[in-house]
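**Student:** Everything below, folded, please.
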Amino acid sequence: MADIANSKLLQEIEGIQQLKDALVVLVKTEWNAAIIDELESGCRKMLEGYGIASKTIVVPGAIEIPFAIKQYATCGSPAAATAFIALACVIRGGTPHFDYVCQSVTDGITQLNLLLEVPVIFGVLTVDNEQQARERIGGIHGHKGEEAAVTALKMMLLNKEFKEGKQ
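**Tutor:** Prediction:
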């Protein structure tokens, strides 16, 4: 099991001032709204703490997230994204639907990371029940929305270094 205590993810981010014109686009689902709204709140809190702008797009479900991200990135949206964060919560039910949805959104986000010029962060909870989801929005497993935002910040800085030939 992933445990934030085994990570350096939440340590101070150096060089963040280099991202003053950054925009992180959050793409969230309508399903499991209370969980998703808390994930979004954690993302926004962390991004605002570093002075980073964000914008939210809402899609019906997790499978639609990759489409919305690709369209935003490639259709000349008014404000170019510096990173995307996919926010969803897929809770296991009694059918194989859970497996198909989880695999589909995972594959879609992976493909976008290979296709787009900016990072796409996986902020998707794939859990067996609502209790497990709640444990990941400020419970015993940390706050996955905050962690997704920090991951986006770090990847934006890394991407900037790649583009400047510093890596």
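**Student:** start to end distance for stretch 59-73?
**Tutor:** Using CA to CA, to the nearest Å, one end of stretch 59-73 lies 15 Å from the other.
**Student:** centre of the chain versus it, how much separation?
**Tutor:** 12 Å (CA atoms, centre = their mean, to the nearest Å).
**Student:** where exactly do the strands run in the chain?
**Tutor:** 23-29, 53-59, 83-91, 120-127, 137-139, 142-143 (DSSP state E).
**Student:** Tell me which of those strands lies nearest to Phe162.
**Tutor:** Counting by CB to CB, Phe162 lies closest to strand 83-91 out of the strands of the chain; the figure is 13.4 Å. All C-beta spots, glycine's among them, are computed from the backbone N, C-alpha and C.
**Student:** Run me through the strand neighbours of the closest one, direction for each.
**Tutor:** Strand pairing for strand 83-91, using DSSP bridges, gives strand 23-29 (parallel), strand 120-127 (parallel).
**Student:** With mean neighbour count, distance to Cys75 and mean pLDDT as new columns, can those be given to me in a markdown table?
**Tutor:** Output for those, formatted as a markdown table (neighbours: other CB atoms under 10 Å; distance: least, CB to CB, whole Å; pLDDT from 0 to 100):
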| stretch | mean neighbour count | distance to Cys75 | mean pLDDT |
| --- | --- | --- | --- |
| strand 23-29 | 25 | 13 | 97 |
| strand 120-127 | 24 | 16 | 96 |
